[in-house]
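**Q** How does the following fold in three dimensions:
(chains A and B, ligands or ions: 2)
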Amino acid sequence: MVNKSGGVLVYAECKRRKLNRITLELLSAGRYLAGKLNSEVSAVLIGYKVRELAKELICYGADRAYVVDHQSFRYYVPLTYAKVIADLIISSEPEIVLFPADSIGRDLAPRVAAKLNTGLTADCIELDIGDYEDPISGRHYEKLLYQVRPAFSGDIIATIVVPERRPQMATVRPGSFDPLPRDLGREGEIVAIPVNLGGEGGVMEVIKVVEEESSTDLRDAKIIVSGGRGVGGPYGFKLLRELAKELGAKLGASRAAVEAGWISYSHQVGLTGQIVKPKIYIACGISGAIQHIVGIREAGVIIAINRDPDAPIFDYADYGIVGDLFEVIPALISKIKEVKCNK
Amino acid sequence: MIRVIVLIKQVPDPKVRARLKEDGTVDRERVRAVMNPYDRNALEEALRLKEVIGAKVIAISMGPLKAESVLREALAMGADEAILLSDPMLAGSDTLATSYALSKVIKMLGNYDLILCGMETTDGNTGQVGPEVAEHLGIPHVTYVEDFELRNGYLLVKRLIEGGYQWLKVRLPALLTITNTANEPRCSTFEGVIRALKKNVRRLSLEETGIEKGRVGLIGSPTRIKEVRRVNLRRRRYIIRKPSAKEAVEELLRELSSKGIKLVMNGG
Ligand SMILES: Cc1cc2nc3c(=O)[nH]c(=O)nc-3n(C[C@H](O)[C@H](O)[C@H](O)COP(=O)(O)OP(=O)(O)OC[C@H]3O[C@@H](n4cnc5c(N)ncnc54)[C@H](O)[C@@H]3O)c2cc1C
Ligand SMILES: Nc1ncnc2c1ncn2[C@@H]1O[C@H](COP(=O)(O)O)[C@@H](O)[C@H]1O
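**A** Numbers count the residues shown, from 1 in each chain, chains lettered A, B, ... in the order given. Ligands and ions are numbered 1, 2, ... in the order given. Prediction:
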């Protein structure tokens, strides 16, 4: 028995005719939650020439794909997109709506939440279904969405619920869920939504988009070599890049290194960067601020190189070398080369 | 003269690690309260507009009475007016309730051309209040703004996105949230502090703004905190100190391989 209204709605994003990875992650989260609620997962995709991706949404876990395809939706702008989504929520009455915690989701979700007068939890890293007892009213609620997010510096984790209003809305940090495998055999319904622009068009428009680089996705990396202020500059990152190349690793960074302009934001790891889960994370010249550490809490092994024996990073590391990274890393590179030759 | 509103929040000093009280809520009393760092960037943009085109800058905050200190600082930096919405009924407001209350204050003030917010706060980290205020006011918003230009009746806005940026054209009035990369906020000068002493922080209560009591505070907030916990992030802490880097690296690799951890994955 499946409840038609209710269920989970996922806001889907695509780029260059491909679904974004975060969309697959949200579909996976949606399936998990819908399983517990015994309901369905829908996805809504808004854009221009995106119709062909509807089937993909189904392959990755949606039971229903709503598609809004019109040239006025070529670029994301909050007003028109928020109206489409709010209308869809009002007509389809989902229990839960999930957005990516990225530059679109964090812009769009609050607009929709305010329109619908409901709650919204930002940057969730875990989601679940469970009961809640309101300490003030004493009322008991069943099957609420547990919205788990880091708070303050990040080592404090809060579970938020929305007992009374619907839908329950959250933005979800990339990397929090693993996508489901693509299943070509999955069946689902594709629903084209007619475009009704109303009076919201023309208030704002995108006139130019510049993408300087394909943003670095660290979520799939098995090994990450990461540098902080201690790396000292672009020169230091050259050394790190060399180590990364030897290890087949990707390059990460602390916010201090990003803010210094030594490396781009898409490499930033932490509370305001990416959440990563490599097997091995090598932190070089990073002090170990809690905001950085929360981004690597699910790393397999953390290795720290820092010349300050009192650096907090050593508390959060499995292995630490106290030393100058400009000596340790070259030694490490040559040792690795040696190991490789002996194989 | 165009009127620019800046929304400023007082937050616990982000350099001090948050403490939890017995009941699991965060202890705000013992930590020094400061202006949310990103709100400084928003204020800086407003003050630059003031310098260039003679805008009038109005700083608004919602919070306890002690939040007056951040508004005093805004005045010292160069804001023309400061308004504090303070009422015990507002305690416990989430982003929906906060944005509703702030939007009522803004409506009460009447005409405005531009509203600037920080890109997020260091205590809530949600970045939701800005877009929600814009929705309550029925005006467009742009988040993560690094740069903007005022044209005839509209704005040209540079917005940061993943791996790049975009330029948008937005009709006024509009709300923008400003990134910390937008500018280097000024410090208040001695003269500024003196000037600010002569100014008043205007206090508003719920009654004056027509805020419905049922829509603010804990009762007016849809979200509830079910549980707060501190996670333990400490690890094994096997620390290697050796006089030479070579020895240190050798010990590291030995330790790793004794635990079956392969650093060199290809071929290994
Ligand atoms: C709201 C908020 C969000 C934040 N989000 C993030 C985030 O997402 N990610 C993030 O990283 N930070 C974040 N931060 C910033 C964080 O608090 C720290 O400021 C930052 O992580 C520090 O970076 P760092 O460790 O590179 O620099 P520093 O703290 O300056 O540390 C540099 C380290 O390098 C060592 N060192 C120097 N030279 C050498 C050498 N030659 N060899 C070896 N070691 C050397 C030093 O001993 C020192 O420990 C956030 C802060 C706030 C307030
Ligand atoms: N209580 C408040 N008073 C004034 N402005 C606020 C308040 N809360 C949030 N803001 C504004 O909204 C922005 C985003 O806040 P947040 O959604 O809490 O991350 C802040 O940078 C401020 O500009």
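**Q** near ligand 1, which residues of the stretch 1-150 of chain B?
**A** B:14, B:122 (CB under 6 Å from any ligand atom). Glycine gets a C-beta too; all of them are placed from N, C-alpha and C.
**Q** residue of the stretch 1-150 of chain B with the smallest distance to ligand 2?
**A** Here the stretch 1-150 of chain B gets closest to ligand 2 at one residue, B:Gly118, 2.6 Å apart by CB to the nearest ligand atom.
**Q** To what extent is the nearest residue to A:Gly252 once chain neighbours are set aside buried, counted in neighbours?
**A** Using CB to CB, 6 or more residues apart in numbering or on different chains and skipping residues adjacent in sequence, the residue nearest A:Gly252 is A:Ser226, 3.4 Å away. Look at A:Ser226: counted by other CB atoms under 10 Å in any protein chain shown, it has 33 neighbours.
**Q** So A:Ser226 is in contact with A:Gly285, correct?
**A** No: counting by CB atoms under 8 Å, A:Ser226 stays clear of A:Gly285, with 9.2 Å between them.
**Q** ok, back up a step: got phi/psi on the nearest residue to the residue of the stretch 1-150 of chain B closest to ligand 2 once chain neighbours are set aside?
**A** Leaving aside its sequence neighbours, B:Gly118 sits nearest to B:Tyr38 (CB to CB, 6+ apart; 3.1 Å). Dihedral pair for B:Tyr38: phi -70, psi -20, per degrees, to the nearest 10.
**Q** Extract the residue ranges of the stretch 1-150 of chain A that are flagged as low pLDDT.
**A** The stretch 1-150 of chain A contains residues with pLDDT under 70 at A:1-5.
**Q** where exactly do the helices run in it?
**A** In the stretch 1-150 of chain A, the segments counted as helices under DSSP state H, counting those that start in this stretch are A:21-37, A:54-59, A:78-92, A:105-116.
**Q** list the helices and strands whichever strand in chain A runs longest packs on?
**A** Under DSSP state E, the strand in chain A containing the largest number of residues is strand A:140-151. Secondary-structure packing of strand A:140-151 (3 or more CB pairs under 8 Å, 6 or more residues apart in numbering or on different chains; DSSP states H and E): helix A:21-37, strand A:120-124, strand A:126-133, strand A:156-161, strand A:168-172.
**Q** Pick the most deeply packed of the ones you listed.
**A** Most buried of those, by mean neighbour count (mean count of other CB atoms under 10 Å in any protein chain shown): strand A:168-172, with a mean of 29.
**Q** counting contacts, what elements does that one pack onto?
**A** helix A:21-37, strand A:96-100, helix A:105-116, strand A:120-124, strand A:140-151.
**Q** Is the residue nearest to the spatial centre of chain B part of a helix or strand, or is it coil?
**A** Geometric centre of chain B, nearest residue: B:Thr121, 3.0 Å, by CA atoms, centre = their mean. Using DSSP: H, G, I helix; E, B strand; the rest coil as the criterion, the local structure at B:Thr121 reads coil.
**Q** Let me see the contact set for it.
**A** By CB atoms under 8 Å, 6 or more residues apart in numbering or on different chains, the contact set of B:Thr121 is B:9, B:11, B:36, B:38-39, B:129.
**Q** Tell me the one of the residues you listed nearest A:Ile336?
**A** Closest to A:Ile336 out of the contacts of B:Thr121 is B:Tyr38 (41.4 Å), distances taken as CB to CB.
**Q** The spatially closest residue to A:Asp155 that is not a sequence neighbour and B:Thr122: what is the separation?
**A** Leaving aside its chain neighbours, A:Asp155 sits nearest to A:Ile290 (5.0 Å; criterion: CB to CB, 6+ apart). Remark: distance between A:Ile290 and B:Thr122 (CB to CB, to the nearest Å) = 12 Å.
**Q** Over to A:Leu197?
**A** Here A:Leu197 is placed at a distance of 38 Å from B:Thr122 (CB to CB).
**Q** still on that earlier bit, pLDDT on the one helix or strand the residue nearest to A:Gly252 maps to, on average?
**A** If you go by DSSP states H and E, A:Ser226 is part of strand A:223-227. Throughout strand A:223-227, pLDDT has a mean value of 97.
**Q** Not counting it itself, show me its contacts.
**A** Counting by CB under 8 Å, 6+ apart, A:218, A:236-237, A:240, A:243-244, A:247-254, A:257, A:262-263, A:269, A:276, A:278-286, A:299, B:263, B:265 sit against strand A:223-227.
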